[in-house]
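Asks: A structural model of the following input is requested.
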Amino acid sequence: MVTLGAPAAEDPGSIERMIMAGADCVRINCAHDSPDVWRNLIAMTRHAATKLDRQCRVLMDLAGPKVRINGLAGRASKRLHLGDRLRLVASTENIDDSKGIAAASSEIEPLRLLKKGHRVLIDDGKVECVVEMNKSGTIWLKVKAVRPKGVKLRLGKGLHFPDIDLSIPPLTAKDLTDLDFVAKHADIIGYSFVQRPEDVLELQRELNKRLGSKSLPPLVLKVETRLGVANLPDLIVA
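Replies: Numbers count the residues shown, from 1 in each chain. The predicted model follows:
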């Protein structure tokens, strides 16, 4: 499986070369680009597969909810190293770099649930932190794992909380809009942040609205939380 983005749409030959090299599935991440770009990528994939007499499925990955850093104290980016401490707050109004590195979260709920010892992953796990203290809505973190040269903390990077159970709905307003396109064009659908069987049933209901009598496409459930792992048998049944 190879992930495609806008650059591949500018080089039609690249997709053909990927399929020749053995790719039998391409992934389009709906968090990026637009339906026009997706349409071109899919058309080029179908054309290349037909030309080469190969099968190449199209998996479209719904963006899903993502808690992000929406504020940083001081400069727009800061480099984190092993052992660094930083504060995570619920509002950009509370950012103050007089006490070291500080960042604001786009969601309040996780900050209420975090306790000492819980992990916080930043930028798709490039930085692993542990909670040292949760005091009055301010989370004090210590960097426990990061590559040797450090990683830059930037606006818009994702925050992940694997040790707490969040009630954030897995289908966002953007996902529901994207489903109008995805239901028509995807061979397989990737579903982010799935935690409960009800999440699977909700996506199936939304797809049935758009597909009518057509069969549901296969789903790839992206299990990203402790609750999702605990519910895995029920998720598979759903």
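Asks: touching, residue 237 and residue 201? I think so.
Replies: No - using Cβ atoms under 8 Å, residue 237 makes no contact with residue 201, being 10.9 Å away. Just so you know, the C-beta spots here come from the backbone N, C-alpha and C atoms, and that holds for glycine as well.
Asks: compare neighbour counts for these two and give me the winner.
Replies: For residue 237 and residue 201, the more surrounded residue by other Cβ atoms under 10 Å is residue 201, and the numbers stand at 11 against 8.
Asks: show me what contacts that one?
Replies: Residues near residue 201 by Cβ atoms under 8 Å, 6 or more residues apart in numbering: residue 238.
Asks: do the same with the one 10 residues further on
Replies: The contact partners of residue 211, by Cβ under 8 Å, 6+ apart, come to residue 183.
Asks: do residue 133 as well
Replies: 116, 139-140.
Asks: out of those, who has the most neighbours?
Replies: residue 139 (24 neighbours).
Asks: my guess is that residue meets residue 129, correct?
Replies: No - applying Cβ under 8 Å, one finds residue 139 not in contact with residue 129, separated by 9.1 Å.
Asks: overlap of the contact sets of the two?
Replies: residue 120.
Asks: of the contacts of residue 133, which belong to strands?
Replies: Taking DSSP state E, the ones among the contacts of residue 133 that sit in strands are 139-140.
Asks: pick the one among the contacts of residue 133 closest to residue 39.
Replies: Of all these, residue 39 sits closest to residue 139, with 41.9 Å by Cβ to Cβ.
Asks: beta partners of the closest one?
Replies: residue 88, residue 134 (DSSP bridges).
Asks: could you measure from it over to residue 225?
Replies: Look at residue 139 and residue 225: by Cβ to Cβ, to the nearest Å, they are 18 Å apart.
Asks: just the pLDDT at residue 68, thanks.
Replies: Looking at residue 68, its pLDDT stands at 83.
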